[in-house]
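A.B. asks: missing the sequence, but the structure's below:
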């Protein structure tokens, strides 16, 4: 129960961090977009465009957390927690598309650099930097390591923060040296960083959706942990996956000694579950079988084989 309570507490803190960040970001995004058009700065417009994606991503992130709170039902037996991963994938793809658009716009500006109102650009970029630092600090207080949805939003904001720095440097170069190419150059540097972070988030989200082994789980360690429990001869059909960020699940078949009693098997399952919980796996289902159990395929189980025993869910 402690595992679930801590997950719920973190979930609530993450949702609050995203909601506050969404309000701040959306407000400033409108200001920066207007400022970008008034000063004719691509660095500001691209930063505002990135902030728009931030705003959308934070909004989608909040919806994802709310959806994740919906209880499981017969239609969705794991509930709606996987919606958080879909939100992260959406954010990752959005980041990639924004980066490509900035590259295109920057190319046009390199060919024909326009006049930029550098003083206005500098003021707006400085305020933007302050806003992004505040939002990044709020998000950092959440679980940006484990929660993919929150990490995607944090990377959006981090890209924005760098965008503001780029816009400030570009404004100073235009003011003091008249280097008009500094504006599209700053936007290109930001676009590269945005592209990298977008690719990473999308790749991690796809890994979860493809039922990939969680990155913080060592499969050899899991196998050794189960097989080292007294009474377990061997295991097969092992699957470890993530339901959503920070919630890992495992299922396998375990071959046990023939003379194991029902009471012994219950104790054996509890031992395995206890060991696996310390390794970040809180949802465990194990089918116990003896050496006579027919087993033909390493991936699929015969559906007519009735499980002798299941581990309870945490």
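C.D. replies: Perfect, I can see it now. Just so it is clear, the model here is predicted, and its values are computed rather than measured.
A.B. asks: list the buried residues of the host helix or strand of residue 184.
C.D. replies: Per DSSP states H and E: residue 184 is located in helix 182-209. Counting neighbours by 16 or more other Cβ atoms under 10 Å, one finds that the buried residues in helix 182-209 are 182-191, 193-195, 197-198, 201-202, 204-205, 207-208. (Each C-beta comes from the backbone N, C-alpha and C, glycine too.)
A.B. asks: state the next helix or strand along the chain beyond the helix ranked longest in the chain.
C.D. replies: In the chain, taking DSSP state H as the definition, the longest helix is helix 2-39. Later in the chain than helix 2-39, the nearest helix or strand by DSSP H and E is helix 42-68.
A.B. asks: helices or strands up against that following helix?
C.D. replies: Applying 3 or more Cβ pairs under 8 Å, 6 or more residues apart in numbering; DSSP states H and E, we find helix 42-68 packed against helix 2-39, helix 83-111, helix 118-140, helix 148-177, helix 182-209.
A.B. asks: tell me the most buried of those?
C.D. replies: helix 148-177 (a mean of 24; mean count of other Cβ atoms under 10 Å).
A.B. asks: that one versus helix 118-140: what angle between them?
C.D. replies: Going by axes from the mean of the first three to the mean of the last three Cα atoms, to 10 degrees, helix 148-177 is angled at 160 degrees with respect to helix 118-140.
A.B. asks: how far does helix 148-177 sit from its chain's centre?
C.D. replies: With Cα atoms, centre = their mean, to the nearest Å as the basis, helix 148-177 stands 21 Å off its chain's centre.
A.B. asks: try stretch 111-127
C.D. replies: The gap between the average C-alpha position of stretch 111-127 and the chain average comes to 34 Å, counting by Cα atoms, centre = their mean.
A.B. asks: report the contact partners of the nearest residue to residue 106 once chain neighbours are set aside.
C.D. replies: Setting aside the residues directly before and after it, residue 106 is nearest to residue 184 in space (Cβ to Cβ, 6 or more residues apart in numbering), at 4.0 Å. Counting by Cβ atoms under 8 Å, 6 or more residues apart in numbering, residue 184 touches 42-43, 105-107, 109-110, 113.
A.B. asks: nearest to residue 16, of those?
C.D. replies: The closest of the contacts of residue 184 to residue 16 turns out to be residue 43 (Cβ to Cβ; 31.9 Å).
A.B. asks: and the pLDDT at the closest one?
C.D. replies: Here, the pLDDT recorded for residue 43 equals 69.
A.B. asks: could you do residue 36 as well?
C.D. replies: As predicted, residue 36 sits at a pLDDT of 78.
A.B. asks: I figured it was touching residue 48, is that so?
C.D. replies: Yes. Here residue 36 reaches residue 48: they are 5.1 Å apart, a contact under Cβ atoms under 8 Å.
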